[in-house]
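Asker: Structure here, sequence nowhere to be found:
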């Protein structure tokens, strides 16, 4: 099961704290970047879904 957007955002925020508070914080940058990619993908999927629903609604109203 894919993580929710809220869990991804929480994990990203936790990584910000880790990166900024530890001397070896740079080691965690790849994890932070992966979380950013996952967040962007999740938002993109949601935006695509909303766009598709809008198109379907427009088509239904045009056919009526």
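Answerer: Looks like it arrived, so ask away. This structure is a prediction, so every number in the text was calculated from the model and none was measured.
Asker: Only C-alpha atoms from now on, for both contacts and neighbour counts.
Answerer: OK.
Asker: elements contacting the biggest helix by length in the chain?
Answerer: Looking across the chain with DSSP state H, the single longest helix is helix 29-63. If contacts are counted by 3 or more Cα pairs under 8 Å, 6 or more residues apart in numbering; DSSP states H and E, helix 29-63 sits against helix 5-21.
Asker: Can you tell me which residue is spatially central in this structure?
Answerer: Centroid-nearest residue in the chain: residue 39, 1.8 Å away (criterion: Cα atoms, centre = their mean).
Asker: what sits against it?
Answerer: Residue 39 is in contact with 5, 8-9, counting by Cα atoms under 8 Å, 6 or more residues apart in numbering.
Asker: What is the lowest-pLDDT residue among these?
Answerer: For the contacts of residue 39, the weakest pLDDT value sits at residue 5, with 89.
Asker: Hmm, that one is touching residue 42, no?
Answerer: Yes. If you go by Cα atoms under 8 Å, residue 5 and residue 42 touch, sitting 6.8 Å apart.
Asker: could you check the angle helix 5-21 makes with the longest helix of the chain?
Answerer: 150 degrees (axes from the mean of the first three to the mean of the last three Cα atoms, to 10 degrees).
Asker: burial measure for residue 4, as a count.
Answerer: Using other Cα atoms under 10 Å, residue 4 has 11 neighbouring residues.
Asker: any idea how far the residue nearest to the centre of the chain lies from residue 25?
Answerer: With distances taken as Cα to Cα, to the nearest Å, residue 39 is found 21 Å from residue 25.
Asker: before we move on, what about residue 58?
Answerer: To residue 25, residue 58 is 49 Å away according to Cα to Cα.
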